[in-house]
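Visitor: Let me see the structure of the following:
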Amino acid sequence: MKAIRRKNFVLAALTGFGILAGAMLLVFGGAMSEIRAQILLAGVMIMSGISTGFWMCGLRKLKIARLIAENPILHIRTAVISDISAEAAQRPDTESTEVIVSYFGILLDEKIIKFNQDGIRLRAVEIGDDFICFTYGTKKRTQNIRLLRPAIDPAEMSELSERFHYETGIIPTLLS
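Guide: I've put the predicted structure just below:
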């Protein structure tokens, strides 16, 4: 989610810079030859428009990521990367890869797999000893994702199964 926010910030800054540069060219463009100023203004406006388009797509992606993160069914930390060198001893520098599963989809750091929206439906959930497998898709195209997770005791497995059934309406298949 942090990476999505960072990208949106950069795209918003590029859009703002493009609008500011375009305004400056309109105000102070008389010092250049008129054709040069028009070409430069057109280029700046086109680049600003492209950056605005990417920014709007990023905002949609951020909205879906927030929806998933605010309604978790399962939260897995798949990897933790730590810098243990002498230089990094002063400041703890850890980075983790998180997976959040929700009724609305799966958030894998900055990758979003959405379901139960835009015609994409969750079709099946299989829970194994060390993985959870999701089958989702439209009528024409079906996809499958397998998430590795730490082993849990049978009571937690039963609770997880009930939660998936309650939240998604899908009865998970328990594999052993």
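Visitor: Buried residues in stretch 148-158, which are they?
Guide: 149, 157 (16 or more other C-beta atoms under 10 Å). Where you see a C-beta, it was placed from the backbone N, CA and C, and this is true even at glycine.
Visitor: Just the endpoints, please. Distance across that stretch?
Guide: 18 Å (C-alpha to C-alpha, to the nearest Å).
Visitor: chain center to it, what's the gap?
Guide: Stretch 148-158 sits 26 Å away from the centroid of its parent chain (C-alpha atoms, centre = their mean, to the nearest Å).
Visitor: packing partners for the longest helix anywhere in the chain?
Guide: Longest helix of the chain, by residue count under DSSP state H: helix 34-70. On a contact count with 3 or more C-beta pairs under 8 Å, 6 or more residues apart in numbering; DSSP states H and E, helix 34-70 meets helix 2-28, strand 94-102, strand 105-108, strand 111-114.
Visitor: Domain ranges for this protein, per the record?
Guide: Listed by automatic domain parsing, the domain ranges of the chain are 2-70, 72-174.
Visitor: among these, which gets the worst mean confidence?
Guide: Here the domains of the chain differ in mean pLDDT, and the lowest is domain 72-174 at a mean of 81.
Visitor: Span of that one from start to end?
Guide: End-to-end for domain 72-174, by C-alpha to C-alpha: 20 Å.
Visitor: i'd like the first residue to be 744 from this point on
Guide: Yep, numbering from 744; the last one is domain 815-917 now.
Visitor: what's the burial count for residue 868?
Guide: 22 (other C-beta atoms under 10 Å).
Visitor: same thing with residue 853?
Guide: Residues lying near residue 853 (other C-beta under 10 Å) number 15.
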